[in-house]
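> Test case, fold it:
(chains A and B)
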Amino acid sequence: MSTGASVIFQERKDQILRKGQGGFDMNCNRESLAGAVSQRACVFCGSRVVLYPIADALHLVHGPIGCAAYTWDIRGALSSGPALHRLSFSTDLQEKDIIFGGEEKLYRALTELIDRHSPKAAFVYSTCIVGIIGDDLEAVCRKVAAEKGIPVLPVQSEGFKGNKREGYGAACKAMFRLMGSGDISSIPPLSLNILGDFNLAGEIWIIREYFDRMGIQTVANITGDGRVEDLQRAHGAALNVVQCSGATMELAKMMKESFGTPFLRVSYFGVEDMSESLYQIARFFETKDPGIMERTKELVKTELTKLYPRLQEFRRELAGKKAAIYVGGAFKAFSLVKAFRLLGMQVVLVGSQTGTEEDYKQLYEITDEGTIIVDDSNPLELSSFLKEKDVDVFVGGVKERPIAYKLGVGFCDHNHERKQPLEGFVGMLNFAREIHSSVMSPVWRFVPRRKAR
Amino acid sequence: MKMKRVDYVSTTNACKLCKPLGACLAFRGIEGAAPMLHGSQGCATYMRRYIISHFREPMDIASSSLGEKHAVYGGGQNLKQGLKNVMNKFGAGLIGVATTCLTETIGDDVPMIIREFRKEMEEAGGGVKPPPLVYVSTPSYSGTHMEGFHAAVRAVADQLCTDNCLCADPERKFVNLLPGFLSPADLRHLKEIVDDFGLGCVMLPDISDTLDGPALEDYEKIPAGGTPISEIRRMGSGGATFEFGHTLEGSLTAGMILRERFGVTLHQLGIPIGLRETEAFFKRLEQVSGIPTPEKHELEKGRLVDSYVDAHKYLFGKRAVVYGEEDLVIALTAFLVEIGIKPVLCASGGRSGRLASCIKRVTDGFSETAQVVEEGADFYKIEELCEGLAPDLLVGHSKGYRLSKKLGVPLVRVGFPIHDRFGAQRTLHAGYRGTQMLLDRIVNAVLEKAQEDSPIGYGYL
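All right, here's what the predicted structure looks like:
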């Protein structure tokens, strides 16, 4: 396979750019091209990943079995208590439900499951088919909520109504309906909600511990290790810190409008962004607690003193190696570019499924000359770029893994299947170790790509 | 055999997957073929992820990527554009189009869209002739991934094996093998067996290379391997067809089409796992080929029987729960009763209506017959049925891990998916050799459990 032009669809030419060649011009935020084997998912997927870590809620997928089966315990979103979110519930719609409507089945399934599990709330996800047959989710949910005395929230996540980002929006709307009802009298002035962290491999616990040390109480985890009651009290927090801006920014905006809660954009990946996020939060609370900046500096210093010497060991071997990044939302890519820089590595390809023009502009600014920046890519393009740039390690999710491995390129899962926390200062160390363990493995000596040399 | 009947409305932790997934897997087993879903983008992506995590291999599935306006006005244009893109960029030798619940319900007439597309391509000139386009209807709300798999195989036979005169082969020196959904290692072994009988073999589909390929220097747009299309076209002149899966008997399958259309003798058998089901396959091969079972396989059979004897005391009376695809469950059950294991529960998410009668048939004559047989089961139901059955082990895919952990009994991983272990694509289950490996794994699971549970720490078992 020759690199470059032959694998790139005419229609997608303006979704790929090379820094240093012709300036910034990116036509993103488009529907995926039919037949291109996009790595994107659907609206339902967006809603499901955002809401699923809420551990004491019932998550019922109203649709045929696939949508629920493929998202059963899909991410390692950990819970410190209940684990209802790890079960996969479906109405498993059948042909007769499609013909006569699925409302009755939904009503009966919801009632049955609420009686069985006594959840604190229920989310009911709409799928493609429900959007077509026109079940009135809102009405069924209202009825069950009244009968069972818990919030029952429809999630308007019909798969075809856009991409993952629309799904994030639908999830935010559903969560927002929970807010404002809880008792907030005991919430202290130094308090915040963590938005856009899903507690993969226990990451949110690391971040909450930092906030504890700074003297800040976390009111609601949104949504990693999340609880319905916490969401109901979330409006009482003094601040929202928003990571993974694509997923929960809409919620932050809604909360600002309705409750006046200000928000900050943060990232917990990499040393630079992690430290700066903590400082930003400290600055926000400085007027209420002048000592907070000192405590934060102390925290960062302590962590960095532990981290740096160990990081240097990895850096020695990794310096000069080349990395490629392809992730769902572009926010993560910013931090990864910086994290690789800290390891002395060069990012030669960076892309995302659903980045915005603003995101890509920012990527364009922080990357080196010659870096390929790509929106909504596919296996043909990605594999050709990996080869062209002679990449040593590729960071992505499960769907990207076989592309890297088939070509004899190292890989780091930065998505669903990670079992090591990659957030926080300790996460940076884990990340370095993971990159190191892939890049430095002796197996690459035997793959055709290297052997040919 | 007693049947416990509490019907729940909701499904918890399904023991099945959706129909289009099976169709995509089947299309992946045809040389040069690109599977394509007519639906929204998410279906293709979810299925790719699910399949990749089992095989640890690339699995590209194209999509017509329908959006909201297509759901209202029809997805024809997108399907055509998608077909064109898959043709041009992937160089597909065949495109297998499977529908989804979305496109089935908005009423897209896919055969008509494909006809139009073909005509438009031919009229556009330039000598570009579209590759064969096979269409299969796979609404996710009817049937499981196995129905989707078989429907795709049937669609391929129906739409490609049309012309008898082109493929007339008076000698009929080869057989058709329709194995169903087995591991790449199984498929390689089955081809070896047929080859050892001196017969040619058209195996449809054949994922043995496409989903278990070597390390490469380049990313293959479509992985090498699979059943060649020219071979599929001549299946009508095969000497016989072997089709695995007891539940298929009597339904319109690819094997049935070849029989009706070209008079190819059809041998419908169980999946050859266990001594008797494998013997049945070999016996038919002897008949078709006219030669006795080669020494090599007789020896493997002899070793298998020898190991049945070696293992019998470890296994006698052990109680097993078997779950997964119906025909796999039937085959595994047939095997388990041979080694003295009692299948206390046989469960599947499928609903062929034939599971119980097939289980009865394959366990006939053994005292250890199945206690409970459950179709349409999810893991909630399976767990509930387990109460009071006191199983010693589970046999099925990796989604039963939670239950095995809860019950504190070993899980012998068989079938699809295996998302929590390594080497699923290389695991052999079929034939005497595969049964041998499966037996070894079962015995070792039982021994390991006994050893771990014992405070003594026996060094000889």
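> So which residues lie in contact with stretch B:148-155, not counting its own?
Applying Cβ atoms under 8 Å, 6 or more residues apart in numbering or on different chains, the contact partners of stretch B:148-155 are B:18-23, B:25-27, B:96, B:98, B:134-138, B:143, B:178, B:180-181, B:204-205, B:245, B:248, B:252-254, B:257. Any C-beta I mention is one placed from the backbone N, CA and C, and that applies to glycine too.
> residues touching the most centrally placed residue in chain A, list them.
Closest to where the C-alpha atoms of chain A average out (Cα atoms, centre = their mean) is residue A:244, at 5.6 Å. By Cβ under 8 Å, 6+ apart, residue A:244 lies in contact with A:195, A:196, A:197, A:198, A:329, A:331, A:332.
> Can you check the pLDDT for it?
For residue A:244, the pLDDT comes out at 74.
> Name the SS class of the residue lying closest to it once chain neighbours are set aside, please.
Spatial nearest neighbour of residue A:244, excluding adjacent residues (Cβ to Cβ, 6 or more residues apart in numbering or on different chains): residue A:196 at 3.5 Å. Following DSSP: H, G, I helix; E, B strand; the rest coil, we place residue A:196 in the strand state.
> Tell me the spatial nearest neighbour of the one residue in the stretch 151-300 of chain B that gets nearest to chain A, not counting adjacent residues.
Nearest residue of the stretch 151-300 of chain B to chain A, counting by Cβ to the nearest Cβ: residue B:219, 3.3 Å away. Leaving aside its sequence neighbours, residue B:219 sits nearest to residue A:383 (Cβ to Cβ, 6+ apart; 3.3 Å).
> Would you mind pulling the contact partners of the helix or strand encompassing that neighbour?
Per DSSP states H and E: residue A:383 is located in helix A:379-388. Residues outside helix A:379-388 that contact it (Cβ under 8 Å, 6+ apart): A:1-4, A:7-8, A:12, A:16, A:37, A:39, A:324, A:326, A:349, A:351, A:372, A:374, A:391, A:394, A:400, A:403-404, A:406-407, A:409, A:449, B:58, B:60, B:89-90, B:218-219, B:221.
> Now it - C-alpha only, CSV.
Output of helix A:379-388 as CSV, limited to C-alpha atoms (Å, rounded to 0.1, in the frame of the first residue of the first chain):
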residue,chain,number,x,y,z
PRO,A,379,-8.2,2.3,9.3
LEU,A,380,-6.9,2.9,5.8
GLU,A,381,-5.8,6.4,6.6
LEU,A,382,-4.5,5.7,10.0
SER,A,383,-2.4,2.7,8.9
SER,A,384,-1.0,4.6,6.0
PHE,A,385,0.0,7.5,8.3
LEU,A,386,1.5,5.1,10.9
LYS,A,387,3.7,3.7,8.2
GLU,A,388,4.6,7.0,6.6
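> avg pLDDT for stretch A:60-77?
94.
> brain fart, stretch B:142-151
97.
> before we move on, back to that, elements contacting the next helix or strand after the helix holding residue A:383?
Counting by DSSP H and E, the element after helix A:379-388 in chain order, helix or strand, is strand A:393-396. Packing partners of strand A:393-396 (3 or more Cβ pairs under 8 Å, 6 or more residues apart in numbering or on different chains; DSSP states H and E): strand A:322-327, helix A:401-406, strand A:410-413, helix A:424-439.
> List the buried residues for strand A:393-396?
Buried residues in strand A:393-396, counting neighbours by 16 or more other Cβ atoms under 10 Å in any protein chain shown, are found at A:393, A:394, A:395, A:396.
> Pick out the lowest-pLDDT one from those residues.
residue A:396 (94).
> Could you measure from that residue over to chain B?
Applying Cβ to the nearest Cβ, to the nearest Å, the value for residue A:396 to chain B is 12 Å.
> Check whether that residue really touches residue A:325, as I assumed.
Yes - Residue A:396 is in contact with residue A:325 according to Cβ atoms under 8 Å; the separation is 7.3 Å.
> quick one, domains of chain A?
Residue ranges for the domains of chain A, per automatic domain parsing: A:4-30+A:319-418, A:43-176, A:191-303.
> Could you single out the most deeply buried of these?
Highest mean neighbour count of the domains of chain A: domain A:43-176, a mean of 23 (counted as mean count of other Cβ atoms under 10 Å in any protein chain shown).
> correct me, but residue B:356 touches residue B:371?
No - at 11.6 Å, residue B:356 does not count as touching residue B:371 under the criterion of Cβ under 8 Å.
> all strands for the stretch 301-450 of chain B, in order.
B:319-323, B:342-347, B:372-374, B:393-396, B:411-413 (DSSP state E, counting those that start in this stretch).
> Dump the ones you listed to a markdown table, plus mean pLDDT and mean neighbour count.
Listed next are the strands of the stretch 301-450 of chain B as a markdown table, based on pLDDT from 0 to 100; neighbours: other Cβ atoms under 10 Å in any protein chain shown:
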| stretch | mean pLDDT | mean neighbour count |
| --- | --- | --- |
| strand B:319-323 | 98 | 26 |
| strand B:342-347 | 97 | 25 |
| strand B:372-374 | 96 | 23 |
| strand B:393-396 | 98 | 26 |
| strand B:411-413 | 98 | 22 |
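> Include distance to residue A:233 when you put those strands into a markdown table, please.
As requested, the strands of the stretch 301-450 of chain B are exported to a markdown table (distance: least, Cβ to Cβ, whole Å):
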| stretch | distance to residue A:233 |
| --- | --- |
| strand B:319-323 | 42 |
| strand B:342-347 | 43 |
| strand B:372-374 | 44 |
| strand B:393-396 | 42 |
| strand B:411-413 | 41 |
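> Kindly reformat these as JSON lines containing distance to chain A.
Formatted as JSON lines, the strands of the stretch 301-450 of chain B follow (distance: least, Cβ to the nearest Cβ, whole Å):
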{"stretch": "strand B:319-323", "distance to chain A": "14"}
{"stretch": "strand B:342-347", "distance to chain A": "15"}
{"stretch": "strand B:372-374", "distance to chain A": "15"}
{"stretch": "strand B:393-396", "distance to chain A": "15"}
{"stretch": "strand B:411-413", "distance to chain A": "16"}
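> ok, the nearest residue to residue B:330 once chain neighbours are set aside to residue A:151 distance?
Computed as Cβ to Cβ, 6+ apart, the closest residue to residue B:330 that is not its neighbour in sequence is residue B:358, at 4.8 Å. Look at residue B:358 and residue A:151: by Cβ to Cβ, to the nearest Å, they are 46 Å apart.
> what's the answer for residue A:377, then?
39 Å.
> ditto for residue A:408
With Cβ to Cβ as the criterion, residue A:408 and residue A:151 are 51 Å apart.
> Next one: whatever residue of the stretch 301-450 of chain A ends up closest to chain B relative to residue A:434, how far apart?
Minimum separation of the stretch 301-450 of chain A from chain B (Cβ to the nearest Cβ) falls at residue A:383, amounting to 3.3 Å. When distance is defined by Cβ to Cβ, residue A:383 is 22 Å away from residue A:434.
> what do you get for residue A:241?
Residue A:241 sits 25 Å away from residue A:434, going by Cβ to Cβ.
> give me the number of residues near the closest residue to chain B within the stretch 1-150 of chain A?
Using Cβ to the nearest Cβ, the single residue of the stretch 1-150 of chain A nearest to chain B is residue A:42, 2.5 Å away. Residues near residue A:42, counting by other Cβ atoms under 10 Å in any protein chain shown, number 31.
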